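**Q** give me a 3D structure for the following:
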Amino acid sequence: MKLKNTILRNLGTMSRSIQYINDLQFKCLNLQRGQFVFLTRICEDPGINMATLTHILKVDKATTTKAVQKLIEADFVSKTRNDSDKREFNLFPQKKALDIYSSLIAEENREIDSCFTGFSKAEQKLCCEFISRLKVNVEKDWEIHKQHKHSIG
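**A** Numbering: from 1, shown residues only. The predicted model follows:
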C-alpha cells in the first residue's frame, strides 16, 4: 500500500517543531512542556471547566489534570468548585498568568508570521480556510472514535 500524500506527516512535523520552539521560548517564563496551550485557553476563557478545556485541546482528562495541577502549583491558575455542580471545577488565570499572556500571544503571532513567510495575504486566507475545513473533518472523525474507541486491530 502506498501513502496517498504527506499532509499529515507535514502537519505533524510543523506541530512538533512549533511545540519545541515554544518549550524553549517559554522555559524562561517557568512554563513546562506544553503548558502554554492550557494557559492561553484559560486566560482567554476565565472560568472554563476542566471538561471543556480537555475537549477543546483534544487531550485526555489525565493530561489536562496534570497540566492544570502544575499551573496551579506555579501560581499561574486557580481552581474553584462550581457553585451549581459541585463535581466540576472552574479555572481562572492568576495575575502571574495575565502578566505573561501577551508574551505568549506575541510568540504565537511570530510563529504564524514564520509559517506564512512568502505567502500573499490571499494565500494566507485560503490556507487558513483549508486548514479550518480539515480541522472540522478530523474533529468529526475524532468524535466517532472517541465514542466508540475504534482501533485497527
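**Q** helix or strand for the spatially most central residue of the chain, which one?
**A** By C-alpha atoms, centre = their mean, the chain has its centre lying nearest to Val37, at 4.0 Å. Taking DSSP states H and E as the definition, Val37 sits inside helix 35-44.
**Q** now the strands for the protein?
**A** Counting by DSSP state E, the chain has strands at residues 48-49, 77-81, 89-93.
**Q** chain center to stretch 137-152: distance?
**A** Chain-centre distance of stretch 137-152: 19 Å, with C-alpha atoms, centre = their mean, to the nearest Å.
**Q** what's that stretch in contact with?
**A** Lys58 (C-beta atoms under 8 Å, 6 or more residues apart in numbering). Glycine gets a C-beta too; all of them are placed from N, C-alpha and C.
**Q** got the CA positions of it in PDB?
**A** In PDB, the C-alpha atoms belonging to stretch 137-152 read as follows (Å, rounded to 0.1, in the frame of the first residue of the first chain):
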ATOM      1  CA  ASN A 137     -13.400  16.900   9.200                       C
ATOM      2  CA  VAL A 138     -10.900  15.500  11.600                       C
ATOM      3  CA  GLU A 139     -12.900  16.600  14.600                       C
ATOM      4  CA  LYS A 140     -15.900  14.600  13.300                       C
ATOM      5  CA  ASP A 141     -13.700  11.600  13.000                       C
ATOM      6  CA  TRP A 142     -12.200  12.200  16.400                       C
ATOM      7  CA  GLU A 143     -15.700  12.300  18.000                       C
ATOM      8  CA  ILE A 144     -16.700   9.000  16.400                       C
ATOM      9  CA  HIS A 145     -13.500   7.300  17.500                       C
ATOM     10  CA  LYS A 146     -13.700   8.800  21.000                       C
ATOM     11  CA  GLN A 147     -17.200   7.500  21.500                       C
ATOM     12  CA  HIS A 148     -16.500   4.000  20.000                       C
ATOM     13  CA  LYS A 149     -12.800   3.700  20.900                       C
ATOM     14  CA  HIS A 150     -12.100   2.200  17.400                       C
ATOM     15  CA  SER A 151      -8.700   0.600  16.700                       C
ATOM     16  CA  ILE A 152      -7.100  -1.100  13.800                       C
END
